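Chemist: Show me how the following folds:
(one chain, ligands or ions: 2)
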Amino acid sequence: MADETAAHDRSAVYQCELQADHPGSHMSLAQSFDDRNVWLRWADRVRELVELLPCPASDGDLDDPEGCLLFRGHPGEHTFTPGVVTYGREASPKMQRRLDDLLAAE
Ligand SMILES: [Zn+2]
Ligand SMILES: [Zn+2]
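Modeler: Ligands and ions are numbered 1, 2, ... in the order given. The predicted structure follows:
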């Protein structure tokens, strides 16, 4: 029987999910659980996995509420805010590999 384990098939590059031009480190959602999320955090000299509570904000629409997809206390606007540009920056190729290593070590 063939081994169907994909050899490190990268589904996407790591991209920051915060509002473009935000201050501080870049953040990309790595894993999602019921009530908590694990984020990749990186900056020039930082890379780490951090577990953060979801952002509790919602756009307040009673019929079809839309929640913010970020973490509690994030910088910048919520993801449902009209006109907000997210996915501001991709990690550099070198950092992509480092983030891969970080996740693989989990
Ligand atoms: Zn960023
Ligand atoms: Zn938010």
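Chemist: okay, Phe71: pLDDT?
Modeler: Phe71 carries a pLDDT value of 94.
Chemist: Quick check: phi and psi at the residue nearest the centre of the chain.
Modeler: Centre of the chain computed as the mean C-alpha position; nearest residue by CA atoms, centre = their mean is Ser28, 2.0 Å away. In terms of degrees, to the nearest 10, the main-chain angles of Ser28 are phi -140, psi 130.
Chemist: Sketch out the low-pLDDT regions of this protein for me.
Modeler: Under the criterion pLDDT under 70, the flagged ranges of the chain are 1-12, 86-88.
Chemist: All the helices of it, in order from the start?
Modeler: If you assign secondary structure with DSSP state H, the helices in the chain sit at 93-104.
Chemist: Enumerate the residues of this structure near ligand 2.
Modeler: By the criterion of CB under 5 Å from the ion, the positions of the chain lying close to ligand 2 are 55, 57, 68, 70, 78. (Each C-beta comes from the backbone N, C-alpha and C, glycine too.)
Chemist: Cheers, nothing more for now.
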